[in-house]
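Q: kindly return the folded structure for what I paste below:
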Amino acid sequence: MLLVVSNVFMTFAWYGNLKLEQMNVTKDWPLILIILLSWGVALLEYLVMIPANRIGSNVTGGPFSLMELKIIQECISLTVFTVIVATVFKGEPIRWNHIVSFGCIVLAVVFAFWKTK
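A: Numbers count the residues shown, from 1 in each chain. Next comes the predicted model:
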């Protein structure tokens with residue numbers, strides 16, 4: 001759940017400024033101010049992501065290797081991004097090739113957890 005929350009913050013840190021521009025909220029803002037706003041949102045992401053990684057990593061007693069954690073995070077990131085694009089950026093189409101690409105990433109998660117012993 002922490003990874004989901006952190007990815008919501010990160011998606012808004014990266015792409016929220018585009019929605020604010022669409023809504024004319026930041027239309028006349030200088031780029032440096034938009035960057036600082038995004039950094040502030042990214043700070044919230046780090047406040048959740050770091051504990052998520054520490055709890056989840058087998059380095060600190062969690063169940064996942066670093067590779068598994070990263071692959072899980074990327075899959076969650078794409079899922080969160082897709083949901084946000086579909087709900088917040090309604091004009092952005094989701095095409096069949098996007099769905100197939102997402103399926104490939106889900107398969108990456110399956111392969112990452114495949115026991116090779």
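Q: just say helix, strand or coil for E92.
A: Three-state assignment for E92 (DSSP: H, G, I helix; E, B strand; the rest coil): coil.
Q: that one: neighbour count?
A: Here the count is done by other CB atoms under 10 Å, and E92 has 10 residues near it. C-beta: built from backbone N, CA, C; applies to glycine.
Q: distance of it from C75?
A: 20 Å (CB to CB, to the nearest Å).
Q: biggest helix in the protein, by residue count?
A: For the chain, the longest helix by residue count, based on DSSP state H, is helix 31-56.
Q: helices and strands around that helix, which ones?
A: Secondary-structure packing of helix 31-56 (3 or more CB pairs under 8 Å, 6 or more residues apart in numbering; DSSP states H and E): helix 2-22, helix 66-87.
Q: show me how far the longest one is from its chain's centre.
A: Distance of helix 66-87 from its chain centroid, counting by CA atoms, centre = their mean, to the nearest Å, is 5 Å.
Q: and the angle for it with helix 2-22?
A: 40 degrees (axes from the mean of the first three to the mean of the last three CA atoms, to 10 degrees).
Q: got the CA positions of helix 66-87 in PDB?
A: What follows is helix 66-87, C-alpha atoms only, in PDB (Å, rounded to 0.1, in the frame of the first residue of the first chain):
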ATOM      1  CA  LEU A  66      15.900  -5.400  -4.400                       C
ATOM      2  CA  MET A  67      15.200  -6.600  -7.900                       C
ATOM      3  CA  GLU A  68      11.700  -7.900  -6.800                       C
ATOM      4  CA  LEU A  69      11.000  -4.600  -5.100                       C
ATOM      5  CA  LYS A  70      11.900  -2.600  -8.200                       C
ATOM      6  CA  ILE A  71       9.800  -4.700 -10.500                       C
ATOM      7  CA  ILE A  72       6.800  -4.500  -8.200                       C
ATOM      8  CA  GLN A  73       7.300  -0.700  -8.000                       C
ATOM      9  CA  GLU A  74       7.400  -0.300 -11.800                       C
ATOM     10  CA  CYS A  75       4.200  -2.400 -12.200                       C
ATOM     11  CA  ILE A  76       2.500  -0.300  -9.500                       C
ATOM     12  CA  SER A  77       3.800   2.900 -11.100                       C
ATOM     13  CA  LEU A  78       2.400   2.000 -14.500                       C
ATOM     14  CA  THR A  79      -1.000   0.900 -12.900                       C
ATOM     15  CA  VAL A  80      -1.200   4.200 -10.900                       C
ATOM     16  CA  PHE A  81      -0.200   6.200 -14.000                       C
ATOM     17  CA  THR A  82      -2.900   4.500 -16.200                       C
ATOM     18  CA  VAL A  83      -5.600   5.100 -13.600                       C
ATOM     19  CA  ILE A  84      -4.700   8.700 -13.200                       C
ATOM     20  CA  VAL A  85      -4.500   9.300 -17.000                       C
ATOM     21  CA  ALA A  86      -7.900   7.600 -17.500                       C
ATOM     22  CA  THR A  87      -9.500   9.700 -14.700                       C
END
